[in-house]
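**Student:** Predicted model follows, preceded by the sequence.
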Amino acid sequence: MKYHPIFGDYHLNRNYLGPNWNRKFIRAIQVILNATKGKIGKGKSFFNKAFGKDEAEFMNLLYMPETFILYRFFFEKEGFTKEWQKSFNLLTSSELAEAKKIIEKNNFKDITIETNNINILKVLQYYTFTRENIGDSNSKLFKLKVIFDKLEKTEKYGIFDLANM
């Protein structure tokens, strides 16, 4: 639940964000809860996967692209998460500070307006993957996701049907 002050200067401001929060972090928490259907299952391993095993992993999840959180297993298996993480970790400290400011705005419609730094743009490209891309039957992501889902189903139920792949 998002904090909203009930007293003081900000009590009437419905858009209030605390000093340690931003639009991206709020959205990341919403997506984590959406992906888990609002429930946090039993067991430490489930919680650690959803929110990270420590503060560093939690912060990493907050900065992760939204669709990478929502479709976590798909993007991990396809290697996109690893590619994003590598690009993110290769940023210098000044590039990272600049990238975080851009990411925290949570607006990735035109990333080339935000910066001309090629390293930062390489990271920001992953934030342009949207739910709409995955839902668009003409997109590469959609086609990859269909194959992923079929393979997941065959692994889960032990069914393997090459004719329908």
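**Tutor:** Perfect, I can see it now.

**Student:** In the chain, where is pLDDT below threshold?
**Tutor:** Counting by pLDDT under 70, the chain has low-confidence residues at 1-3, 35-42, 153-165.

**Student:** Which positions in the helix ranked longest in the chain come out as buried?
**Tutor:** Longest helix in the chain by number of residues (criterion: DSSP state H): helix 140-157. By neighbour count on 16 or more other CB atoms under 10 Å, the buried set for helix 140-157 is Leu141, Leu144, Lys145, Phe148. Quick note: C-beta positions are derived from backbone N, CA and C, even for glycine.

**Student:** For those, work out which two are farthest apart.
**Tutor:** Leu141 and Phe148 (10.0 Å; CB to CB).

**Student:** distance of the closest residue to Gly52 other than its chain neighbours from Ile69?
**Tutor:** Take Gly52 and drop its neighbours on the chain: the residue closest to it by CB to CB, 6 or more residues apart in numbering is Phe58, 3.9 Å away. Look at Phe58 and Ile69: by CB to CB, to the nearest Å, they are 12 Å apart.

**Student:** More neighbours: these two, which one.
**Tutor:** Taking neighbours as other CB atoms under 10 Å, Phe58 and Ile69 compare with Ile69 leading, 21 against 15.

**Student:** which ones are touching the more buried one?
**Tutor:** Ala28, Val31, Ile32, Ala35, Leu61 (CB atoms under 8 Å, 6 or more residues apart in numbering).

**Student:** Turn these into JSON lines, columns for neighbour count, secondary structure and distance to Lys82.
**Tutor:** Formatted as JSON lines, the contacts of Ile69 follow (neighbours: other CB atoms under 10 Å; DSSP: H, G, I helix; E, B strand; the rest coil; distance: CB to CB, whole Å):
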{"residue": "Ala28", "neighbour count": "21", "secondary structure": "helix", "distance to Lys82": "19"}
{"residue": "Val31", "neighbour count": "21", "secondary structure": "helix", "distance to Lys82": "19"}
{"residue": "Ile32", "neighbour count": "22", "secondary structure": "helix", "distance to Lys82": "20"}
{"residue": "Ala35", "neighbour count": "14", "secondary structure": "helix", "distance to Lys82": "19"}
{"residue": "Leu61", "neighbour count": "20", "secondary structure": "helix", "distance to Lys82": "15"}
